[in-house]
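J.: okay, sequence plus prediction incoming.
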Amino acid sequence: MEDLDSREWILTNGLGSFAGGTVTDIRTRTYHGWLFAATEPPSERSLLLSHLEASLELPERTIALGTNVWGNGLIDPSGYKFLRSFEVNPVPKWIWGEVDWQLTRLLVMPHWEDREDKKNRLLIQYRYEGTKATILRLRLLIADRDLHRQQIKVPELQFSQMLGKQEVCLQAMMAGDFGTPWHLRWTRGEYQPDGVWYWNYALNEETQRGLCDRATSKICCPCSTVKPQW
């Protein structure tokens, strides 16, 4: 764990919503996630989007760029080893790469004063540069939980996925109650619906605080194909 960069970043939009995490993408706190939407500000916030797990499928191998720490102490995958640089200003920017390829990610949370509406938005941009064509696979991990609590898997909890043209509407449903609906839109690629639970993420900062330190997420799978830029 000594070589993991656990410095933290945060984005806010002036509406009470925020996104936050660490440089290496490991989640160390209950409060790490890419979209905590303020449904009834200032008190109630819900985690809707945990994060995107990215991997590059090159002709000869697949490179996982995410980093997860599990309850048994295992670090898998270990994408932080490919992380070349991280910048926080003006927005969080990551660059992963090797000699013949580079992937850049930007996260932007538009401030409400810059827009006519007061909707919560998170903009995510990936840019691939390399000598070989590749598939960028983005695995969407979602939730619908209170800011201060962990997601619990129960048989009654389901997530609907209403697929449209280059967008999907996601919403939690449990025992006749409906969660917050939200939309994922993309410019290129195909979405493949899936429904798998991931649990037992280790939240080391919560361990040190003596609080609940195991996280759960629901996964759905959008897949994007990108071409190399010369």
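T.: Received the coordinates, thanks. Numbers count the residues shown, from 1 in each chain.
J.: and the lowest mean pLDDT element among the helices and strands of the chain?
T.: Ranked by mean pLDDT, DSSP states H and E, the weakest helix or strand in the chain is strand 214-226, scoring a mean of 59.
J.: the closest residue to Leu65 other than its chain neighbours and Phe159, how far apart?
T.: The shortest distance from Leu65 to any non-neighbouring residue, by C-beta to C-beta, 6 or more residues apart in numbering, is to Gly79 (3.8 Å). Placement of C-beta: from N, CA and C, glycine included. Here Gly79 is placed at a distance of 25 Å from Phe159 (C-beta to C-beta, to the nearest Å).
J.: what does Leu49 give?
T.: Leu49 is 12 Å from Phe159, by C-beta to C-beta.
J.: so what sits opposite the residue nearest the centre of the chain in the bridge?
T.: Residue closest to the average C-alpha location in the chain (C-alpha atoms, centre = their mean): His51, at 0.9 Å. For His51, the beta-bridge partners are Leu141 (DSSP bridges).
J.: that one and Ala143 touch, don't they?
T.: No: the criterion here is C-beta atoms under 8 Å, and His51 misses it with Ala143 at 10.2 Å.
J.: ranges for the helices of the chain?
T.: 204-209 (DSSP state H).
J.: what do His51 and Ala143 both touch?
T.: Gly33 (C-beta atoms under 8 Å, 6 or more residues apart in numbering).
J.: can you pull out the low-pLDDT segments for this structure?
T.: Within the chain, the segments meeting pLDDT under 70 span 1-3, 114-115, 211, 213-230.
J.: quick check: closest non-adjacent residue to Gly20.
T.: Ile10 (4.1 Å).
J.: what's near enough to touch the one you found?
T.: Applying C-beta under 8 Å, 6+ apart, one finds that Ile10 lies in contact with Phe18, Ala19, Gly20.
J.: neighbour-wise, give me the winner out of those residues.
T.: Ala19 (23 neighbours; other C-beta atoms under 10 Å).
J.: lovely, talk soon.
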